[in-house]
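Undergrad: coords please:
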Amino acid sequence: MMQLQPPKTVKDIRSFLGHAGFYRRFIKDFSKIAKPLTKLLCKETEFNFDSECLKAFHLIKEGLVSAPIVQAPNWDYPFEIMCDASDYAVGAVLGQKIDKKLHVIYYASRTLDDAQGRYVTTEKELLAVVFAFEKFRSYLVGSKVIVYTDHVALRHIYAKKETKPRLLRWILLLQEFDMEIVDKKGIENGVADHLSRMRIEDMRPIDDFMPDEQLMMMNSARELGQLTDSNTERTGSIT
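TA: Numbering: from 1, shown residues only. Okay, here's the model as predicted:
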């Protein structure tokens, strides 16, 4: 988050403020601080990202990564993950809902390489989920996890009889976790959407093979065949 570059267009500002606005209750005088930025959203206003706008941007960005927004996990509550994918990156937010308010534990995003950028939408959505679980694994093993993402897209992949080996590997990796997938909707997933659209030059692309994790890796064609035969049965894990 601290690597996020200043907005260059009105669309960038709208996305950033949409993300930040979800946590405005944690940032004192949010409306006052954000005023130079919100002015640029007005019609017929020339886009001039001046020093006041830059100061507002940095103050809000600092607020997004400071307490009480970013907090330590409470192991008595389930974890929630919001995922999203764009044409060039995936984004994820790990948090917990306590007293009906979402508290962020971790922000993460990663760029896609050229091959991943050509994935169809359903594959990118699943890649975002796999990235989130790989990134947040130490928090999630043994815990209940609610995942907000494209419910329809993932259901389609789980139900498909002839799924690509890459997708089968991802599905197998996710089976280690106690997760519930629900459809993404409303402003909450706008945070992950914003992260997936961030352009950060020094971000490393995602490795499809997740080399840092040794989770239930398939090592024979026989295992691939067994997984394909049982694919349809697993659709019950998505509600």
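
Undergrad: to what extent is G21 buried, counted in neighbours?
TA: Look at G21: counted by other C-beta atoms under 10 Å, it has 18 neighbours. Heads up, the C-betas are built off the backbone N, CA and C, glycines and all.

Undergrad: quick check: it vs F131, distance?
TA: 25 Å (C-beta to C-beta, to the nearest Å).

Undergrad: what's the answer for K8, then?
TA: 25 Å.

Undergrad: same deal with T149?
TA: In terms of C-beta to C-beta, T149 sits 11 Å off from F131.

Undergrad: and for those two, which residues touch both?
TA: Common contact partners of T149 and F131 (C-beta atoms under 8 Å, 6 or more residues apart in numbering): C83.

Undergrad: how about the residue most central in space within the chain, nearest residue that isn't a chain neighbour?
TA: Nearest to the geometric centre of the chain sits A92, at 1.8 Å (C-alpha atoms, centre = their mean). In this structure, A92 finds its nearest non-sequential neighbour in A132, 3.7 Å apart by C-beta to C-beta, 6 or more residues apart in numbering.

Undergrad: same deal with K184?
TA: Y148 (4.6 Å).

Undergrad: which element is that neighbour on?
TA: strand 144-149 (DSSP states H and E).

Undergrad: quick one: which of K8 and F131 has more around it?
TA: F131 (24 against 11).

Undergrad: how much space between the more buried one and M82?
TA: F131 is 13 Å from M82, by C-beta to C-beta.

Undergrad: now for the two: what residues contact both?
TA: In contact with both F131 and M82: A92, using C-beta under 8 Å, 6+ apart.

Undergrad: what sits against L17?
TA: Per C-beta under 8 Å, 6+ apart, neighbours of L17: 34, 37-38, 41.

Undergrad: so it belongs to a helix, correct?
TA: Yes. With DSSP: H, G, I helix; E, B strand; the rest coil as the criterion, L17 is part of a helix.

Undergrad: pLDDT at it, what is it?
TA: L17 is assigned 87 on the pLDDT scale.

Undergrad: check Q226 too.
TA: For Q226, the model assigns a pLDDT of 45.

Undergrad: same check, this time on the one 10 residues further on
TA: Reported pLDDT at G236 in the predicted model: 41.

Undergrad: distance check, L173 against Y139.
TA: 16 Å.

Undergrad: and what of T111?
TA: Relative to Y139, and taking C-beta to C-beta, T111 is found at 23 Å.

Undergrad: in stretch 21-36, which residues are buried?
TA: Of the residues in stretch 21-36, 21-24, 26-27, 30, 33-34, 36 count as buried by neighbour count, 16 or more other C-beta atoms under 10 Å.

Undergrad: which ones among the residues you listed map onto helices?
TA: 21, 30, 33-34, 36 (DSSP state H).

Undergrad: closest one of the residues you listed to S15?
TA: Using C-beta to C-beta, G21 is the member of those that lies nearest S15, at 10.7 Å.

Undergrad: now D84. Its backbone dihedrals?
TA: phi -160, psi 160 (degrees, to the nearest 10).

Undergrad: surely it meets V90?
TA: Yes. Using C-beta atoms under 8 Å, D84 is in contact with V90, at 7.2 Å.
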